[in-house]
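Engineer: have a look; sequence and predicted model below, questions after that.
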Amino acid sequence: MPSVTPDDAPLLADLMPWSVAPPRLGRGWPTAPDAASLKARWDALVKAGGPDREALFGPTRSRTLTSAVTQLPGQSSGTGRLARESGPCPEPVPVLAAPFDEQWLIPDHRLIDSARPELWRVADERQVFAVEQTVAPESSGPVLLASPVLPLLPPHGPRIVRIRPLYRRPGGLEPNLAPGLPEYLGDRLGTDPVAPLDVLAWILVAARPGRSGIEVPLPTEPEVWSQGVELGRRVLWLMRRDGDRPKLPGGRRPYVRAPLPSRPVELLYDREEEALLIGEGRVSPVPSEAWDFHVGGVRVLEEWFTRRTAPAEPGTLEAIRPTTWPQPWTSELLELITVLALLAELRPRQAGLTVEDTITTADLHKAGVLPIPDASRKPASVLDHHEEGPEGQFTLL
């Protein structure tokens, strides 16, 4: 990581001041690695009656079959009492269920204990969510993740602490940055006001744990800034995985060397052969850097595999899942190996990014960028239309 005096580095909480706790489901069955399983689970729920429906649903203090809730912003799910629901499953949407694990969610507010509607209101194709998770001691993984889809609080594994959207309004409007920061950086670096994505790119490669939170050293040298932004743009592209799919050079691309079993239960790694062993199946080459890639002290590949193969309690909605390993999961696994390997390759460049002359917290105070106005730490008012409330009533917030 860049080397500076910790007291000089501004905090991420000041550079991206608006943050929200991650959505918390309260039950596992509304998410799955495949959308078809979610629709089958919904059908099983609405076909069940009385106590059976309640047991399948999994009531909590926040949600029961009779909870009255509003519609999720941007979604078309129902708002009637779930005890009377008989309609089709709302169309599942992609979410980040865990670090580097994009899955599907039934976007129905009645199923989610704490949905964080303010995040749903700004989730669109322009949005990027910066994800803070607990940093394990001596962790080799990234301090921050970036996701184009809404992150959820995982039920286990690395814990997401805060979510910081890059934009406060839909359509890529009003960057969630300290007021005046892009213009100030432009003046100090001798460039035009820097783009919000470039600020996020720099943050991804420069952020590090500090005594008072995540710190982000800021350079005064244009060359250092350009190097960091270029590196951060690459990291951002790999984490978002949008556009062209990432590939390793020929000869290093992972392939299925032996077919995966229909019901794999064990994942092993042969370090000498650089091979991932999935039952009788075999994937190689798998660089050791990809296998050893951790987030929050958890090995990403193992966690990804466990989420697809861990046994579910019979009779629960979670038990409704593919009976055999789907081919799309193999493709997702190969891409995940590629992404982790390419991110690991960037670490030496990231470690070599040295910030010697820094923009300090005192500099930002002197320029009037700090302290942050209270309004910048709160969600923007983005509603110009009605949102459906409980039982189909409409409210304008």
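Structural biologist: Sure thing, it's come through.

Engineer: would you map the strands across the stretch 101-250 of the chain?
Structural biologist: For the stretch 101-250 of the chain, applying DSSP state E, counting those that start in this stretch gives strands covering 101-105, 129-133, 144-147, 160-165, 167-169, 173-175, 208-209, 214-215, 218-219.

Engineer: and the chain, split by domain according to the record?
Structural biologist: 6-242+358-376, 255-309+326-351 (automatic domain parsing).

Engineer: next, format the strands of the stretch 101-250 of the chain as CSV and append mean pLDDT.
Structural biologist: Output for the strands of the stretch 101-250 of the chain, formatted as CSV (pLDDT from 0 to 100):
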stretch, mean pLDDT
strand 101-105, 97
strand 129-133, 93
strand 144-147, 96
strand 160-165, 92
strand 167-169, 97
strand 173-175, 96
strand 208-209, 90
strand 214-215, 93
strand 218-219, 96
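
Engineer: Arg271: which of the ones you listed is closest?
Structural biologist: Ranking the strands of the stretch 101-250 of the chain by their distance to Arg271 (criterion: CB to CB) puts strand 101-105 first, at 23.5 Å. C-betas here are computed from N, CA, C, even on glycine.

Engineer: report all helices and strands that the closest one contacts.
Structural biologist: strand 31-32, helix 35-47, strand 93-98, helix 300-309 (3 or more CB pairs under 8 Å, 6 or more residues apart in numbering; DSSP states H and E).

Engineer: and Leu277, which of those is closest to it?
Structural biologist: Among the helices and strands packed on strand 101-105, the nearest to Leu277 by CB to CB is helix 300-309 (11.3 Å).

Engineer: could you look over the strands of the stretch 101-250 of the chain and pick the most buried one?
Structural biologist: Each of the strands of the stretch 101-250 of the chain was scored by mean neighbour count; the highest is strand 218-219, a mean of 27, by mean count of other CB atoms under 10 Å.

Engineer: from the chain's centroid, how far away is it?
Structural biologist: Its chain's C-alpha centre and that of strand 218-219 lie 26 Å apart, by CA atoms, centre = their mean, to the nearest Å.

Engineer: and what of stretch 199-208?
Structural biologist: For stretch 199-208, the distance to the chain centre is 16 Å (CA atoms, centre = their mean).

Engineer: same thing with stretch 172-183?
Structural biologist: Distance, centroid of stretch 172-183 to centroid of chain: 21 Å (CA atoms, centre = their mean).

Engineer: okay, how far is it across it, tip to tip?
Structural biologist: Chord length of stretch 172-183, first to last residue, is 18 Å (CA to CA, to the nearest Å).

Engineer: what's in contact with it?
Structural biologist: Contact with stretch 172-183 is made by 14-18, 126-127, 164-168, 193-196, 199, 364, 367-370, 372-373, 376, 380, as judged by CB atoms under 8 Å, 6 or more residues apart in numbering.
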